[in-house]
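Novice: Quick one, fold the following:
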Amino acid sequence: MSPLFSYPWAHPSDATFEVIFKHPGTLSAADFAMALTDVAQRILYPDGVLVVCLESDRAEVLALLSSLMVKQSINRFKGKTSVHLACIDITCQPVEVIQVEATVATDGLCTVNRLVEVFPNILYCGVEAVFADEKAIIRAPAGFEFVKPSGERSSHFLRTEEALSTSASVDFLAFALLARLRIDDLKVIFVDSMAISPIAYSLRDMLYKLKRGSPQIISFHSHGGMQNIEVPPHKTFFCIISASSSMSLQRRWISHTRCADDDVVTLLTFSDAQDAGRALCKLPRPSTWIDGNAPVAGVRPLRIYGERFHPEQILPKKITLALNFHRCEKAAKFAEDFRDQGLISTNGFDDNGQRRTLLVDGHRLTKAEPFSVWLHKQLRAKVPASIQGIVFQDDPASRVMAEVCTDYFNQLSINLPWGVRASSNLESAAEFLCPNRGLLIVAAVISKGSMLLGVSRDLRATHLGAKTYLVGVQICETSSDASFLKRNLTQTKDKSCIFECHHTLAVGSALQHSFRDEEEATKTSDVRAKALRYRWDPSRRSGLVEDTLLPSLVADDHRLKLRPDFVFWNCKYNEGALHAPMVLLTIGAILQRARTEEFSSDDHRLTSEAFQQVVLDPQNFNRYNDGIIQAAILRQAYPSELDYSTLPAESQYMLLLLKKMFMSRLRQQGEAIAEFAFALGTGRLKLQRADYKELSNWVLEFISGQEGDRELISLLKLDAQEPRERSNEF
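Specialist: Prediction:
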C-alpha cells in the first residue's frame, strides 16, 4: 500500500485526474514511485496526475521527481497521462505549477490560474475520499440507541477517528484545514477529543514548515469541558471539532468563546444538519437513522463518554419508598422522643461557631425526658465503680450533661476526686489522674466525633483505666462514620472501654449540597438570589425551623406543614411546619439506609453492584404528596437519583406532574413547587432536554400572573426574561 494519500478527481471539463498529496516530511523515491505505479496499473489511465505539496517542500519533491526510480514510473504514462506538480501556500492556494509530463488532454488545464479556480473542489473531493467508506458512521447494536454527551439520542453516531486509518489521511485532513485557517497570530489549537489530536499535530507541523509558528494544542473533551477552558484573546485560537450530527457543538463553541464563524470547523456532519455547509465534510444521513426524541419501547441506552461507549445492559432500577422495606426504626424512634420539642433546626451555627446542616439543640436535648431516662440508665449500668471524674466535650450543652451526671452521682453518694473537666483543659489536669481508675467522657451532640477521638488520644499515655463514652445524639453522613468512631474508642487490649449513644442517625450529604447551592446562588447574585437571600441573613446564627424549606404560594399558608399520618412515624404529633427539620432528618435516614444496608431483595436497594442507573421512581411524588415530604425527598436525594434525562417515560411523567403542580401552585396540591423549581434550576432534578424545554416554554407562557410567580420562575434559572409582575412573596 502506498504511503501517500491519493484519490481520483474529475475536472469540470470531464478530464480525469489522480491527485497525489505529498505530506510534509521526508519521503523516499521508492515510496513516490510506488504511488505512481499504483496509478499506472489501473485498468483506465487518468488524463493527468497532479502531485500536490506545500511550497516549503518544492525542492524536495522536484528532486524526487528527477530521481531515476521515479522517472521510470513516470515513463509508464508517456503520451497517455500528464504529470504536474502544484505547490501550495499557507492559504491553501496554488502558487506555482511545474509541468513534468505533458499531454493534449490536459493542455491548459493545469496552469496556476485554472487550478486556483478548481482547487477548493480538489480539496473537497479528497476530504470525501477520506470518509468514503463511511466507517465513521457507527450504528448502535440491535436493541440499543446511543446517548450522546449532549444528552441527545439516536440510532447512529459519528466518530471521525474511525476513518483515520493511515497517517497519510490524517495529514491530508490537516492540509485541507489550511484553507479554513484565517488567523495570522495563532497561539492555540483546540480539539474536542484527543482522538483527533494527530490532525492538530500535523497541522502544527505544516504551520511550522511554512514559518507560521508552533501553536499549543489543547483538548476540551467535548460537551463536558467547554465551560472549564480559559478562552484566549480573539483571533489567536482555532478549534477543530471531530464530528457532530447536528452541528450543535460548533454553535455552542461560538456562543461560549464569541469567536468568528470561521475560527472553528467541524470535520464531519450529516448533509441535512443545520449549518452543514460550515463542516469540512458532509455525509448523507443513513436511511436507517432513527431519532431518539421519539422513544421506542424496549430500546436501551448505550452511553457515550468522550471517545468511549458504555453499554447500560441492565435496565435502570427505579426505587419506590415503601413502609415495609425502607422504614428506618432509628429515625422513627428519634421522632417519637423529640417530635414536638423543636430539637432540630437546619443550616445554623453550633456553640463552637461551625455551620451545621442539621443542628441539634443540645440544651433542649439535656432537658428532654427521654434523654434523661436513658442517661440515668447508662450511668447505673455502664459506669465503673472506680470512676474518678468526668470529661465533657467543650461546649455548653455537654457541660450541662456533665453536671447532670455529677448530680446523679451525688445522689448515689459516688465521689469524683478528679472532678469535672472540659476536653480543652485535659492536658493540664492529666497529671492528677489516677492511671487505673475509671473515667466518664460525655458529649451532648457529635457528628464524626473528632473531639472524642482527640480525648482518647490525649489520655492514651497517662490513663489505663476503664473509659465510658456517653453521647446524646450523633448525626453523621454514613453509618460507617458511626461504626468507625465506636470501634476506635472501644479498641483496647482489656476491653474496658464502652461507647453508648442515645440516638445515632446517618443522613447522607445531599442536604448539605442543596444548601450550598442556595449559598452559591446568593453569593454570585444570579437570578435566584432575590428569592433566596432572606434565608442567608449574615446576622442569623440560629437554625431554620418552620422556614427550613422554600415557601408555598398558598394564600395565608406559606410554610410547608406536616399533616397527620406520616407513614414513617409511629407516634402522634401536632400538625404544623415545626416538623420540617425532623422530616428532613427522617427522609435522609431512610434514603441513606436504602443506599447502604442489605435488603431481602436487591430491588429495594437505592444502589447497585452492577453497571446500572438507580433512580427514585417519580411515583414517589404521588405516593407521598404532602409538600413537606416531597421537598424533603428533593433535598435529601442525590442528583443521580433524580436524573431522568436518559429515561423517556420517567421524564415525561415528571413533566406532566410539574405542569400540574405549577397549575395548582396556589393550592395544597402544588405547595412544594418552589422546591421543585429550585431542584430543576440547580440540576438536582433533571428531565430530558426536550421535556425541560417544553416545560420552560410552557411556564414562561402560562405562569406569570400571580403573586410570587416572578420569584418562582427565577428559581428555574431560565434564560428567558422573567415575568413583569413584581411581588414580595418570597
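
Novice: C-alpha only now, for contacts and for neighbours.
Specialist: Fine.

Novice: where does this structure dip in pLDDT?
Specialist: 1, 142-143, 149-150, 222-224, 292-300, 304-314, 526-527, 610-611, 705, 719-730 (pLDDT under 70).

Novice: mind checking how far A506 is from Q474?
Specialist: According to Cα to Cα, to the nearest Å, A506 stands 8 Å off from Q474.

Novice: Comparing the two, which shows the higher neighbour count?
Specialist: Set A506 next to Q474 and count neighbours by other Cα atoms under 10 Å: A506 wins out with 25 against 21.

Novice: Run through the bridge partners of the more buried one.
Specialist: When bridges are called by DSSP bridges, A506 pairs up with C476.

Novice: Next, the contact list for it, please.
Specialist: Residues in contact with A506, defined by Cα atoms under 8 Å, 6 or more residues apart in numbering, are 475-479, 482, 588-589, 592-593.

Novice: who touches both of A506 and Q474?
Specialist: Listed as contacting both A506 and Q474 by Cα under 8 Å, 6+ apart are A482.

Novice: Which parts of the stretch 1-150 of the chain are helices?
Specialist: All helices of the stretch 1-150 of the chain, identified by DSSP state H, counting those that start in this stretch, fall at 29-40, 58-66, 68-75, 112-130.

Novice: Sorry, slip of the keys, the one I care about is the stretch 201-350 of the chain.
Specialist: Under DSSP H, counting those that start in this stretch, the stretch 201-350 of the chain gives helices at 222-225, 248-257, 323-326, 329-338.

Novice: how about stretch 629-645: buried residues?
Specialist: For stretch 629-645, the neighbour count (16 or more other Cα atoms under 10 Å) marks 629-639, 641-645 as buried.

Novice: Out of those residues, the closest to L44 would be?
Specialist: Within the buried residues of stretch 629-645, the smallest distance to L44 is 55.3 Å, found for S645 (Cα to Cα).

Novice: State the phi and psi torsions of the closest one.
Specialist: The phi and psi values for S645, taken as degrees, to the nearest 10, are phi -70, psi -20.

Novice: so who does it touch?
Specialist: Residues near S645 by Cα under 8 Å, 6+ apart: 151, 651, 686-689.

Novice: can the helices of the stretch 201-350 of the chain go into CSV with extra columns for distance to S450 and mean neighbour count?
Specialist: What follows is these, written out as CSV (distance: least, Cα to Cα, whole Å; neighbours: other Cα atoms under 10 Å):
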stretch, distance to S450, mean neighbour count
helix 222-225, 37, 15
helix 248-257, 45, 16
helix 323-326, 30, 14
helix 329-338, 23, 18
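
Novice: So which of those helices is nearest F392?
Specialist: Between F392 and the helices of the stretch 201-350 of the chain, the tightest spacing by Cα to Cα is seen for helix 329-338, at 23.1 Å.

Novice: quick check, distance from the closest one to the centre of its chain.
Specialist: How far helix 329-338 lies from its chain's middle: 35 Å, per Cα atoms, centre = their mean, to the nearest Å.

Novice: neighbouring contacts of that helix?
Specialist: For helix 329-338, contacts defined as Cα under 8 Å, 6+ apart pick out 368, 370, 503-505, 568-571, 582, 585-586, 589-590.

Novice: picking that back up, save the helices of the stretch 201-350 of the chain as CSV, and put in distance to L68 too.
Specialist: Converted to CSV, those look like this (distance: least, Cα to Cα, whole Å):
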stretch, distance to L68
helix 222-225, 49
helix 248-257, 49
helix 323-326, 85
helix 329-338, 90
